[in-house]
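Peer 1: model this:
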Amino acid sequence: MSFDIKTKLRDGLQADHPDVGWDFSRNQDLIELQFGEMQEDISKKIIKAIKNASQKVHIYTDLLQEFTRTISRHKNIPEENLVIVNATDKAFRLLAETFINPGDECLMFPPTYPAIKPSINIFQGNIIELGMQSDFKLPATEEIVKHVSKNTKLIYIANPSTPTGNLVTTRQQIIELLQLNVIVIVDECYFEVAKVSMFDLVAEFPNLVIIRSLSKTYGLAGLRMGYMIAHPELASILRFIEYSLEPVPSVTSLAGAIAAIKDEKHLNRNLKRHKKAKKKLIKGFRKLGLIAYDSDTTSLLVDTQHINVNADEFVNRLRELGVVVKTCHIYGNAQPGWVNFGIPKLEQTSLVIQKVKTLIDNAMILTENGLLKAKTTSNSGF
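Peer 2: Reported below is the predicted structural model:
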């Protein structure tokens, strides 16, 4: 039987869409830093909670309400402002299916986290990109306004942003953007590291949405847990859509997330170790002639231009030495030498620096012999 499935798809899916094919395969022989995950140890309380919850997978769970109450108590956020989601990427899809009609526009500022793009495109929206300034800050509000049209529905801002690692905007600029009759999305995935939030503006501005995740700073990437913060009216709409279609995350994910939020002592321990490892890494890289930017996230932006090795070659050769990082091509507007470098566990920091030193020493020898040639790497995931 001949049947063309594409003729039955929604208009937004009519074009050819190859498999995304993110490669999340792991190799225990390598130090894998390509995804910027928290490398410090997971709390024993989280492991215990997940193990206990696994005994209840045969019944529907009531832990969604407990997770909401736990966030409310520990983050000082009223429950009416909260929407629980399966991490940041699911928040993007929920926002797209809530707001995007064909032809609507989402304004974003590369280089930045790109995962909102598929959700906008699937619902037939358009991405409008306006590049960062040279200091990795958002353009002035006056410049942004020039790109806001009657079709602009969303403005997406990761603060701090990846791969640059810095806070890209100010409270005053967010207030200015909220006056533009659009939905402003502030991605605070790294809130626990950056310690800066626009949450207090939610009560005044019903068009502000804040997204947070437990994937990075809490070290729970595998559980896929996060939450959104919005004005009660908007939060109610988002909950209705999300909970109607996907009533609750898994019982094990909820249990692990509740334990993580409650275990503030372990979080603070990991953040202190992470900060120490980050400082050591930056200092070591700068001594080797690399440009390593300060960061309020769980990864570093490293520029290899001063050692005459482009990002593709750097990534390939470092993998051969046992350390996996990635180029910044997926983030947009990346420079040829930009590498996204996750922070290793504190005890591994010296080894990683030594591996990079070996790469640079070898590259200098190869360059002198005229043998260094760049190859293109495959970049998977964010």
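Peer 1: ok, residues contacting the longest helix seen in the chain?
Peer 2: Looking across the chain with DSSP state H, the single longest helix is helix 264-287. The contact list for helix 264-287 (CB atoms under 8 Å, 6 or more residues apart in numbering) reads 38-41, 43, 45, 74, 192-193, 217-219, 260, 292, 294-295, 298, 300, 302, 341, 343-346, 349-350, 352-353, 356. C-beta here means a position set from N, CA and C on the backbone, and glycine is covered the same way.
Peer 1: same deal with stretch 134-153?
Peer 2: So stretch 134-153 is contacted by 99-101, 103-107, 109, 125-126, 128, 130-133, 155, 157, 161, 164, 166, 168-169, 173, 176-177, 180, 182-183 (CB under 8 Å, 6+ apart).
Peer 1: so how far is the first residue of that stretch from its last?
Peer 2: One end of stretch 134-153 sits 26 Å from the other (CA to CA, to the nearest Å).
Peer 1: for that stretch, what is the distance to the chain centroid?
Peer 2: Relative to its chain's centre, stretch 134-153 lies at 21 Å (CA atoms, centre = their mean, to the nearest Å).
Peer 1: again, but for stretch 189-197
Peer 2: Centre to centre, stretch against its chain (CA atoms, centre = their mean), the figure for stretch 189-197 is 12 Å.
Peer 1: run a quick neighbour tally on Asp29.
Peer 2: 7 (other CB atoms under 10 Å).
Peer 1: rewinding a little: now restrict the contacts of stretch 134-153 to buried residues only.
Peer 2: 99-100, 104-107, 109, 125-126, 128, 130, 132, 155, 157, 161, 164, 166, 168-169, 173, 176-177, 180, 182-183 (16 or more other CB atoms under 10 Å).
Peer 1: model confidence at the closest residue in space to Ile291 that isn't next to it in sequence, what's the number?
Peer 2: Closest residue to Ile291 apart from its sequence neighbours, by CB to CB, 6 or more residues apart in numbering: Asp303 at 3.8 Å. Looking at Asp303, its pLDDT reads 97.
Peer 1: which residues touch Asp303?
Peer 2: Leu290, Ile291, Ala292, Tyr293, Gln335, Gly337, Trp338, Val339.
Peer 1: now do Leu180
Peer 2: Here Leu180 is in contact with Val145, Val148, Thr152, Ile155 (criterion: CB under 8 Å, 6+ apart).
Peer 1: host element of it?
Peer 2: Per DSSP states H and E: Leu180 is located in neither a helix nor a strand.
Peer 1: please report how far it lies from Ser197.
Peer 2: 21 Å (CB to CB, to the nearest Å).
Peer 1: pLDDT below threshold where in the stretch 1-150 of the chain?
Peer 2: 14-24 (pLDDT under 70).
Peer 1: any weak-confidence spans in the stretch 251-382 of the chain?
Peer 2: Using pLDDT under 70, the stretch 251-382 of the chain drops low at 365-382.
Peer 1: tell me where it has strands.
Peer 2: Under the criterion DSSP state E, counting those that start in this stretch, strands of the stretch 251-382 of the chain are mapped to 291-292, 299-303, 323-324, 326-327, 338-342.
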